[in-house]
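# show me how the following folds:
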Amino acid sequence: MRNLTDEELVRFILNTSETKYINLLHARYKERINTTCLFWLKDPELAADCTQDVFVKLFQKLGTFNNQSAFSTWVTAIARNYCTDKLRQQKRQPLHLSLDENRTAADLLGLSEVPHEVIDVTPYFQRLKLEDQQILHLKYEQEVKLEDLAVHLGITLSAVKMRLKRARTRLKDIYDQSDASRL
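Coordinates of the predicted model:
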């Protein structure tokens with residue numbers, strides 16, 4: 001059964017819907033899909049959830065596979081497209097930073113001259129590059145420790161600090177430009 005090609009396996013699943021074939025396909029592609037999701041989403045928990053979602057989508061669309069490309073290419077494209085959609089959805093969602101009572105998002109990100117001033121950072125945040133959004137989201141919304149960010153991103157602790165500083169600076173620049181245009 002392990003000697004089956006992907007195309008044969010797909011045909012058996014479509015014809016029989018037997019669990020053993022579905023499980024074999026899942027075992028073959030779980031790591032590839034998870035790696036693809038992790039590459040795009042940069043969040044192991046979200047990637048694991050999306051991996052399962054991609055399999056649901058994959059099995060729903062299995063009948064549309066038409067051998068125009070390798071099955072592995074088709075699977076990877078489904079995973080990539082799903083992750084891209086997920087990132088677009090995240091971009092549209094407002095940023096709700098979880099902060100202690102005494103510090104607002106504006107205080108932490110250096111946007112406000114007035115202490116504890118409440119500023120909705122969402123419109124400015126959405127104008128950042130995706131990488132900046134992700135690191136600020138992980139640090140300030142998910143409250144991921146710097147050391148864990150370094151491991152997660154595969155970079156040094158000092159590189160994490162520098163990326164955070166640069167992302168905050170870019171966010172402040174966007175805010176300042178928007179603020180200046182309102183005057």
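# average pLDDT across stretch 151-165?
Here the mean pLDDT over stretch 151-165 is 87, rounded to a whole number.
# what's the span of it from first residue to last?
Between the opening and closing residues of stretch 151-165 we find a distance of 18 Å, counting by C-alpha to C-alpha, to the nearest Å.
# pull the distance from it to the chain's centre.
Averaging C-alpha coordinates over stretch 151-165 and over its chain gives two centres that are 17 Å apart (C-alpha atoms, centre = their mean, to the nearest Å).
# who's in contact with that stretch?
42-44, 131-132, 135-136, 138-139, 144, 146-147, 149-150 (C-beta atoms under 8 Å, 6 or more residues apart in numbering). (Each C-beta comes from the backbone N, C-alpha and C, glycine too.)
# how about it: buried residues?
For stretch 151-165, the neighbour count (16 or more other C-beta atoms under 10 Å) marks 152-153, 160, 163-164 as buried.
# and the spatially closest residue to K30 that is not a sequence neighbour, how far is that from L128?
With C-beta to C-beta, 6 or more residues apart in numbering as the measure, T51 is the residue that lies nearest to K30, at 6.8 Å, once sequence neighbours are left out. Computed as C-beta to C-beta, to the nearest Å, the T51 to L128 distance reads 27 Å.
# what do you get for E31?
Taken as C-beta to C-beta, the spacing of E31 relative to L128 amounts to 31 Å.
# ok, K161 next?
In this structure, K161 and L128 are separated by 18 Å, where distance is defined by C-beta to C-beta.
# likewise A27?
Taking C-beta to C-beta as the measure, A27 falls 39 Å from L128.
# neighbour count: those two, which is higher?
L128 (18 against 10; other C-beta atoms under 10 Å).
# local confidence estimate at the more buried one?
Note for L128: predicted pLDDT of 87.
# so it touches R170, yeah?
Yes. Under the criterion of C-beta atoms under 8 Å, L128 is in contact with R170, at a separation of 6.0 Å.
# returning to that earlier point: pLDDT at the residue nearest to K30, what is it?
T51 is assigned a predicted lDDT (pLDDT) of 94.
# domain parsing for the chain?
If the domains of the chain are taken from automatic domain parsing, they occupy 6-92, 105-182, with pieces of a single domain joined by a plus sign.
# any idea which of the ones you listed scores lowest on pLDDT?
Per-segment mean pLDDT for the domains of the chain reaches its minimum on domain 105-182, at a mean of 77.
# I'd like the distance between the residue sitting nearest the centre point of the chain and R2.
Among the residues of the chain, the one closest to the centroid is L41, at 2.3 Å (C-alpha atoms, centre = their mean). Distance, L41 to R2, by C-beta to C-beta: 30 Å.
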